[in-house]
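In: Below: sequence and its predicted model.
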Amino acid sequence: MRIGLVTTSYPRFPGDPAGGFVAEHAAYLTRAGHDVEVIAAGGASARDAAAGSIQVRWVPAPRGLFDGAGAPEALAGGGRMHLAAARFSLALAREVGRRAPTWDAAVAHWLVPSALAALVAARRLPLLAIAHSGDVHLLRRLRAIRAMAALCSRGGVQLSFVTEELRRLFLERAPGCAGHSQVCPMGIDLARLRAARLPADGHRAGPADRGAVASAAPATVLFLGRLVPVKGVDVLVRAAARWRCGARLVIAGAGPLEPTLRGLAARTAPGRVTFAGQILGPDRDRALAGADLVALPSIRVEGGRSEGLPLVALEAMAAGAAVVASSVGGLAELPAAAVTRVVPGDADALAAAIDGLLLDPARRTAQTTAQDRLIISFDWAAVGPRLLPPPPVARSAP
């Protein structure tokens with residue numbers, strides 16, 4: 001089957017974290033025997049290219065719309081960015097319409113603009129439309145869920161939401177879509193992430209190993225992601241000033257809040273916080289594997305928007321780090337045995353949770369053992385079969 005994959009986020013260079021899970025989805029589809037062509041948002045200078053057997057065609061997008069802080073933050077500013085987004089959406093639909101006659105089915109990451117482009121420009125194709133979070137919240141804010149649901153009501157459309165909360169929010173306005181919707185997270189490359197646990201001598205590092213060296217070096221708490229409000233990194237910096245375990249906090253990422261966070265760290269937790277910048281490719285996997293604990297202090301922002309299910313939580317589990325996360329969005333749907341959850345926005349509770357794991361090796365080992373059992377179900381081998389587009393309708397002979 002020839003599948004067109006439409007997305008606003010796709011890696012622009014080797015190791016680029018932007019849309020990495022979309023690239024892994026495309027790779028899974030090729031391993032499953034399908035021919036994949038990607039239509040993705042790119043910079044004005046982007047050129048069509050082949051990544052292995054996957055053809056990538058770039059649609060120029062305005063600077064700052066999908067890169068940098070991300071589309072939800074860019075669109076929150078309104079004004080010219082909304083106009084730029086509308087123009088990009090039309091260009092995306094035109095490119096989908098141009099390429100769709102060569103496809104048997106389509107997959108779209110993000111309901112808007114990707115799924116919308118496929119629904120309008122490739123009306124006869126079976127479609128898997130995947131909602132990640134910002135798209136559902138944008139549709140709610142625009143009061144456009146019912147309109148989107150009407151387009152999705154034709155046969156051959158499957159809706160997939162990365163969390164149960166997103167599905168519930170969508171179905172509150174469009175209950176008729178329940179029968180052709182599902183909840184399915186994105187997958188992870190479990191083998192690659194587990195391999196990052198292997199140090200040079202081939203001995204697999206684990207919680208017991210980390211405990212053995214705890215007296216020689218302070219534990220590491222890692223944040224890895226964009227430095228934007230919804231991530232709640234300021235809460236984590238304040239928590240670093242309050243935990244008792246002596247851990248150092250490493251913030252790996254880039255974004256518009258970096259200057260503010262640096263100032264906060266200098267005032268409240270001097271000497272405890274390191275800003276590592278953006279970490280890419282294998283270095284990213286090694287950073288996860290080298291952390292004692294990965295923190296995801298996500299919050300809800302204006303309008304009730306929260307994250308879907310940040311894949312860094314699952315990647316951290318696969319790499320062997322304990323996970324502490326806010327009880328919000330898809331993070332709240334992870335099993336309690338595999339993640340220590342805290343009230344979002346509460347720096348004291350976050351510091352106490354981090355102390356609880358880093359000062360009690362047995363507790364941390366129990367959690368990482370539960371994580372190891374859980375994470376198998378998120379490997380692409382398990383998730384991928386649920387993220388295939390509906391089969392094409394057989395065409396009758398003339």
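Out: Ah, there it is.

In: what about the longest helix along the chain, average pLDDT?
Out: Longest helix in the chain by number of residues, with DSSP state H as the criterion: helix 80-99. What helix 80-99 shows for mean pLDDT is 87.

In: contacts for stretch 261-276?
Out: Here stretch 261-276 makes contact (CB atoms under 8 Å, 6 or more residues apart in numbering) with 227, 233-234, 237-238, 240-241, 247-252, 258, 287. C-beta here means a position set from N, CA and C on the backbone, and glycine is covered the same way.

In: Just the buried ones among those residues, please.
Out: Buried residues within the contacts of stretch 261-276, defined by neighbour count using 16 or more other CB atoms under 10 Å: 227, 233-234, 237-238, 240-241, 247-252, 287.

In: Just put the residues you listed in CSV and tack on distance to Pro310, secondary structure and pLDDT.
Out: CSV is the format used below for the buried ones among the contacts of stretch 261-276 (distance: CB to CB, whole Å; DSSP: H, G, I helix; E, B strand; the rest coil; pLDDT from 0 to 100):
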residue, distance to Pro310, secondary structure, pLDDT
Leu227, 14, coil, 95
Val233, 13, helix, 98
Asp234, 17, helix, 98
Val237, 18, helix, 98
Arg238, 20, helix, 98
Ala240, 20, helix, 98
Ala241, 24, coil, 96
Ala247, 21, coil, 97
Arg248, 22, strand, 97
Leu249, 18, strand, 98
Val250, 17, strand, 98
Ile251, 15, strand, 98
Ala252, 14, strand, 97
Ala287, 15, helix, 96
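
In: In the stretch 51-200 of the chain, where is pLDDT below threshold?
Out: Scanning the stretch 51-200 of the chain for pLDDT under 70 picks out 51-52, 64-82, 198-200.

In: that older thread, and the helix or strand following the longest helix of the chain, which strands flank it?
Out: Counting by DSSP states H and E, the next helix or strand C-terminal to helix 80-99 is strand 105-109. Applying DSSP bridges to the sheet, strand 105-109 is found paired with strand 2-7 (parallel), strand 127-131 (parallel).

In: in stretch 360-371, what's buried?
Out: Going by 16+ other CB under 10 Å, stretch 360-371 has these buried residues: Arg364, Thr365, Gln367, Thr368, Ala370, Gln371.

In: Looking at those residues, which is nearest Leu193?
Out: Gln371 (11.6 Å; CB to CB).

In: The closest one: what's it in contact with?
Out: Per CB under 8 Å, 6+ apart, neighbours of Gln371: Met317, Ala322, Val323, Ala338, Val339.

In: Mind checking which of those residues are in helices?
Out: Per DSSP H, these map to helices at Met317.

In: Turn the contacts of Gln371 into a markdown table, including distance to Val136, pLDDT and neighbour count.
Out: Formatted as a markdown table, the contacts of Gln371 follow (distance: CB to CB, whole Å; pLDDT from 0 to 100; neighbours: other CB atoms under 10 Å):
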| residue | distance to Val136 | pLDDT | neighbour count |
| --- | --- | --- | --- |
| Met317 | 25 | 97 | 28 |
| Ala322 | 30 | 98 | 28 |
| Val323 | 24 | 98 | 25 |
| Ala338 | 25 | 97 | 20 |
| Val339 | 23 | 98 | 24 |
